[in-house]
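S.K.: here's my sequence, what's the structure:
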Amino acid sequence: MTRPYQEVGKTLAFRTVELVRALQLVFDSLQHLRRGEIRHLITLSSQLRALLTERSPHADPLLLHIATKFQRNLRLYCMPDVNDPKFPESVRDKLVLRVAGFPFTAERQFPDQFELSFPELLDLQIILFRGNRYTVRDLIEWYANKAGGAHYSRKLPQDFADLLELPFLKENLIINTLVQIGDATLTAGRELLKSVVDLEIHALLCLPAQNGENLSDLSVLFDARYEASSMRLTLAVNKLFIPIFTVSGLQGVVAQVKSDRLINWSEPRYLYAALTIQNDLSTRLELVVDGEVVGRNDVKEPLFVLSDPLNYNYFHNRAVDGPPQQFSFAFGQLVMIGNDVSPLDRAKLMLFMSRKRDNPELPVVLYTPESYAQAAKGTTNLSMTGTVRHVKVSEVLSGTPDVVEESYAVDNTAV
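M.R.: Next up, the predicted model:
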């Protein structure tokens, strides 16, 4: 006896991966359309419908849904639509065709542009044709529902059929308009991803001399994994003490960047690791030591990794799924920030870390072999296991870390 057909709800993680792939399809179709490959308008219109105007009882507009789940407002700027009161009324009544509202931009570029949300954009009347007004939503659904994006209908609205035949500035009006809507959607989707994904790790590190024979091939400095997910961030060094930054995305894609040179650990180092979504939806991983780029890796996939550290279980001096290490190092500072930090505040943080690095009396937290710290999801409180010491950076580098301001052995005590 066969089991009855059954459906289950998609998780937010599943739908987020769908969003990433849909935005990639929008990007690809726009590239093809700009090369004159008109068949890709079918792909573009289908994705715009799924992302923005879906109205079936068992689905919702994916981009708008994910933005709501992540509590992000999708906003852009546009010019007045065909109802602009400044447009001469005597001329308006005689018009056969008027296109208005463009350009759609992420920032205000013209004085007459005004801000509106993406749901409001869908109801913006951008085409006046033979006395009828049509919205962004109308344009998307015309092509998707009538011309192949979702259905190959046997009939077309008369105005849609006429507009498809009408050249507009050497390009078809419908194609030109949908491409601009596609650009706006891609921009909004990319900014949504960047707002929850882009991240930076700033660390002041000090590595004392140690017995290399006891070290594993990879010694973990910082490891964070999202609960019940493949999302993970790992900062480590290999046996040559070369820094390595590894990221695993929600889609299961793993990317890594490694320093292209040996690092002199005879003094504290300011290590900066970053993940950023690029304009083409690729992902850039970058490693910087003391202000000098030592590694960069561009990945074609947009790696989806939430940037909020409170979403993770994380460890210092141990992998999340590994045993205690025979490794020792000291953190002077460890800061993880997301896309919501302004360029000015980011610059202030970099200057702060650089100045701290030059202080020989810098207090650091020294992890001795087999000691580690852990913070559970939802908290920044570290629980220490093993012997963890507060020392000065000069004492770590001199090889006398037992001369300390404060030392203690703790076991699973929140600090």
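S.K.: now the helices: where do they sit in the stretch 1-150 of the chain?
M.R.: Listed in chain order, the helices of the stretch 1-150 of the chain (DSSP state H, counting those that start in this stretch) span residues 12-34, 41-48, 62-69, 89-92, 118-122, 136-146.
S.K.: got a markdown table for those, with mean pLDDT, mean neighbour count and distance to Ala184 too?
M.R.: C-beta here means a position set from N, CA and C on the backbone, and glycine is covered the same way. Converted to a markdown table, the helices of the stretch 1-150 of the chain look like this (pLDDT from 0 to 100; neighbours: other Cβ atoms under 10 Å; distance: least, Cβ to Cβ, whole Å):
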| stretch | mean pLDDT | mean neighbour count | distance to Ala184 |
| --- | --- | --- | --- |
| helix 12-34 | 93 | 18 | 10 |
| helix 41-48 | 94 | 24 | 10 |
| helix 62-69 | 95 | 18 | 11 |
| helix 89-92 | 78 | 9 | 25 |
| helix 118-122 | 92 | 19 | 7 |
| helix 136-146 | 91 | 23 | 9 |
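S.K.: looking at these, which is nearest to Thr385?
M.R.: Each of the helices of the stretch 1-150 of the chain has some distance to Thr385 by Cβ to Cβ; the shortest is helix 12-34, at 30.4 Å.
S.K.: re the thing from before, nearest to Leu76, out of the helices of the stretch 1-150 of the chain?
M.R.: Taking the helices of the stretch 1-150 of the chain one by one with Cβ to Cβ, helix 118-122 is closest: 6.7 Å.
S.K.: CA-only coordinates of the closest one in CSV, if you can.
M.R.: Taking C-alpha atoms only, helix 118-122 is exported to CSV below (Å, rounded to 0.1, in the frame of the first residue of the first chain):
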residue,chain,number,x,y,z
PHE,A,118,9.2,47.7,-2.9
PRO,A,119,5.5,46.7,-2.3
GLU,A,120,4.6,50.3,-3.2
LEU,A,121,6.8,50.2,-6.3
LEU,A,122,4.7,47.3,-7.6
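S.K.: please state the offset of stretch 257-272 from the chain centre?
M.R.: In terms of Cα atoms, centre = their mean, to the nearest Å, the centre of stretch 257-272 is found 26 Å from the chain centre.
S.K.: how far does it stretch from one end to the other?
M.R.: Stretch 257-272 has its terminal residues 12 Å apart, counting by Cα to Cα, to the nearest Å.
S.K.: identify whichever of the helices of the stretch 1-150 of the chain lies nearest to Pro309.
M.R.: helix 12-34 (18.2 Å).
S.K.: list the helices and strands the closest one packs on?
M.R.: If you count contacts as 3 or more Cβ pairs under 8 Å, 6 or more residues apart in numbering; DSSP states H and E, helix 12-34 packs onto helix 41-48, helix 62-69, helix 173-197.
S.K.: picking that back up, could you export the helices of the stretch 1-150 of the chain as a markdown table, including distance to Leu275?
M.R.: Output for the helices of the stretch 1-150 of the chain, formatted as a markdown table (distance: least, Cβ to Cβ, whole Å):
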| stretch | distance to Leu275 |
| --- | --- |
| helix 12-34 | 14 |
| helix 41-48 | 25 |
| helix 62-69 | 19 |
| helix 89-92 | 50 |
| helix 118-122 | 25 |
| helix 136-146 | 32 |
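S.K.: out of the ones you listed, which comes closest to Leu215?
M.R.: Checking the helices of the stretch 1-150 of the chain against Leu215 by Cβ to Cβ gives helix 12-34 as the closest, at 35.2 Å.
S.K.: just the pLDDT for the nearest residue to Val305 once chain neighbours are set aside.
M.R.: Computed as Cβ to Cβ, 6 or more residues apart in numbering, the closest residue to Val305 that is not its neighbour in sequence is Met231, at 4.9 Å. Looking at Met231, its pLDDT reads 93.
S.K.: quick check: Met231 touching Ser248?
M.R.: Yes: contact status for Met231 versus Ser248: in contact at 6.4 Å, counting by Cβ atoms under 8 Å.
S.K.: and those two? Which one has more around it.
M.R.: Neighbour comparison, Met231 and Ser248: the larger count goes to Met231, with 23 against 20 (by other Cβ atoms under 10 Å).
S.K.: just list the residues touching the more buried one, thanks.
M.R.: 225, 248-250, 304-306, 312 (Cβ atoms under 8 Å, 6 or more residues apart in numbering).
S.K.: Throw the residues you listed into TSV and include distance to Leu163 and pLDDT, thanks.
M.R.: Shown next, in TSV, are these (distance: Cβ to Cβ, whole Å; pLDDT from 0 to 100):
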residue	distance to Leu163	pLDDT
Arg225	52	94
Ser248	47	95
Gly249	41	92
Leu250	40	89
Phe304	38	92
Val305	43	92
Leu306	43	90
Tyr312	51	90
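S.K.: in strands, which of those fall?
M.R.: Residues of the contacts of Met231 located in strands (DSSP state E): 225, 248, 312.
S.K.: for the second one, which non-adjacent residue is closest in space?
M.R.: For Ser248, ignoring the flanking residues on the chain, the nearest one in space by Cβ to Cβ, 6+ apart is Arg232 at 4.2 Å.
S.K.: the one you found bridge partners, please.
M.R.: Arg225, Ser248 (DSSP bridges).
S.K.: returning to what we had before: kindly indicate which of the contacts of Met231 lies nearest Val320.
M.R.: Nearest member of these to Val320, counting by Cβ to Cβ, is Arg225, at 4.5 Å.
S.K.: any idea how far that closest one lies from Tyr272?
M.R.: According to Cβ to Cβ, to the nearest Å, Arg225 stands 21 Å off from Tyr272.
S.K.: the strand or helix carrying Leu205 packs against which elements?
M.R.: Using DSSP states H and E, Leu205 sits within strand 199-206. Of the remaining helices and strands, those touching strand 199-206 by 3+ Cβ pairs under 8 Å, 6+ apart are strand 218-226, strand 232-238, strand 269-277, strand 329-338, helix 343-357, helix 393-398.
S.K.: run the chain-centre distance for the fourth one.
M.R.: In terms of Cα atoms, centre = their mean, the centre of strand 329-338 is found 21 Å from the chain centre.
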